[in-house]
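S.K.: after the sequence you'll find the predicted model.
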Amino acid sequence: MELTYLKLDAKKNLVNNQAKLFFASIFPYVAIFSLAVLNYYLYFLLMKSDFSFIPYASSYAGVIRPTLFTASIVLSVLLWRASRLCADKYFFLKSRGEKITFAASIKSIGIKQCLTFLMTDILRFFLSLAWFAFFFAPSVITGGILFYAIKTGGYGNKILLTLFVSTLMLFAAGTVFLYIILKRYSMCEGIIFSEKETDSLRVIEQSIELMEGNTLKYAGYCASLWGWKILCLLLIPLIYVLPYANMAKYSFYNNVSGFVFYKHKCEKPIIFYFRSKDTKIKEKRLEI
């Protein structure tokens, strides 16, 4: 299916659901903002507290403070990812024409799905770090050589310019390749929701298999939405762009996973009547 039709399908699913999908889109952002504010005040509260209200705890205040704050940060990340899971599940169901509320979609998420989503997130994080190190190592090495050449001196301007341009080119190439390669893991959420897969490694493997031959296409598909995302700087377009971008992802997943988008049904044929020159009525049937 052409990318244009995928975008049209995403827009179709937004009809009569714009407000609901917008609130689902901003739910993870509201969650992370709220958690960040809470952690901000928690930090100053911990700094002011000497834990004298707890017997024998005041002498361990230097250990308790960082421990509690670290636990708060970890819990905040888990809650943020949970909010992301809820939003993704709602968009997935809506992309398949399900008439369901956001609250009902949250209730449909099981403990196994939550754990699978969490473990998949962790695996993708470390895979992303590995790919990041791989693609940016050349630019870092070249940049290090440039820094050494400038610091020690004695090198001509042409050599320094060559090193500088090489660093920029390697960095740009690494950014592009990293952006494309990470798209191989973009379908993990859809696989968790549709395939009921609970093995995180298998989820990532299926995502890679699904994106085989489609990675570059999907990277271009996402890049085509950058113009819309830039408009979000004006804030008002967020109402349309956030739901559209999220829905576009699942429209692509439905396509590559073989989900049937359109089922044209017509119980009766459409009949057109044409009057011929001899005034007789001819009947022509158009089946859809």
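M.R.: Received, thanks.

S.K.: please tell me the pLDDT value assigned to the residue nearest the centre of the chain.
M.R.: The residue lying closest to the centre of the chain (CA atoms, centre = their mean) is residue 186, at 6.8 Å. Note for residue 186: predicted pLDDT of 92.

S.K.: same check, this time on the one 3 residues further on
M.R.: According to the model's per-residue confidence, residue 189 sits at a pLDDT of 91.

S.K.: what do you get for residue 276?
M.R.: For residue 276, the model assigns a pLDDT of 52.

S.K.: same question for residue 237.
M.R.: 75.

S.K.: which element is the closest residue to residue 21 other than its chain neighbours on?
M.R.: Using CB to CB, 6 or more residues apart in numbering and skipping residues adjacent in sequence, the residue nearest residue 21 is residue 243, 3.7 Å away. Where you see a C-beta, it was placed from the backbone N, CA and C, and this is true even at glycine. Element membership for residue 243, per DSSP states H and E: helix 238-256.

S.K.: which strands and helices lie in contact with that helix?
M.R.: helix 3-14, helix 18-48, helix 61-95, helix 188-195, helix 215-223, helix 226-231 (3 or more CB pairs under 8 Å, 6 or more residues apart in numbering; DSSP states H and E).

S.K.: so residue 9 sits right up against residue 250, yeah?
M.R.: No: between residue 9 and residue 250 there is no contact under CB atoms under 8 Å: 9.4 Å.

S.K.: those two: who's more crowded?
M.R.: Between residue 9 and residue 250, counting by other CB atoms under 10 Å, residue 250 is the more crowded of the two (27 against 21).

S.K.: who's in contact with the more buried one?
M.R.: 10, 91-92, 95, 190 (CB atoms under 8 Å, 6 or more residues apart in numbering).

S.K.: which of those residues has the most neighbours?
M.R.: Counting by other CB under 10 Å, top hit in the contacts of residue 250: residue 91 with 28 neighbours.

S.K.: how near is that one to residue 30?
M.R.: 16 Å (CB to CB, to the nearest Å).

S.K.: what is the neighbour count of residue 13?
M.R.: 22.

S.K.: near residue 70, how many residues? Count them for me, please.
M.R.: Neighbours of residue 70 under the rule other CB under 10 Å: 10.

S.K.: how close does it sit to residue 168?
M.R.: Distance from residue 70 to residue 168, by CB to CB: 38 Å.

S.K.: can you map out the helices along the stretch 101-250 of the chain?
M.R.: 102-107, 111-152, 157-181, 188-195, 200-210, 215-223, 226-231, 238-256 (DSSP state H, counting those that start in this stretch).

S.K.: in the third one, what's buried?
M.R.: Right, helix 157-181. 163, 166-167, 170-171, 174, 178, 180-181 (16 or more other CB atoms under 10 Å).

S.K.: that helix to helix 215-223, inter-axis angle?
M.R.: 100 degrees (axes from the mean of the first three to the mean of the last three CA atoms, to 10 degrees).

S.K.: from the chain's centre, how far out does helix 157-181 sit?
M.R.: 27 Å (CA atoms, centre = their mean, to the nearest Å).

S.K.: what are the contacting residues of that helix?
M.R.: By CB under 8 Å, 6+ apart, helix 157-181 touches 131-132, 135-136, 138-139, 142-143, 145-146, 149-150, 215-216, 219.

S.K.: which among the residues you listed end up buried?
M.R.: For these, buried by 16+ other CB under 10 Å: 131, 135-136, 138-139, 142-143, 146, 149, 215, 219.

S.K.: widest-spaced pair of the residues you listed?
M.R.: 149 and 215 (37.0 Å; CB to CB).

S.K.: can you tell me which of the helices of the stretch 101-250 of the chain is nearest to residue 51?
M.R.: helix 111-152 (31.3 Å).

S.K.: quick one: list the elements packing against that closest one.
M.R.: Using 3+ CB pairs under 8 Å, 6+ apart: helix 111-152 touches helix 61-95, helix 157-181, helix 188-195, helix 200-210.
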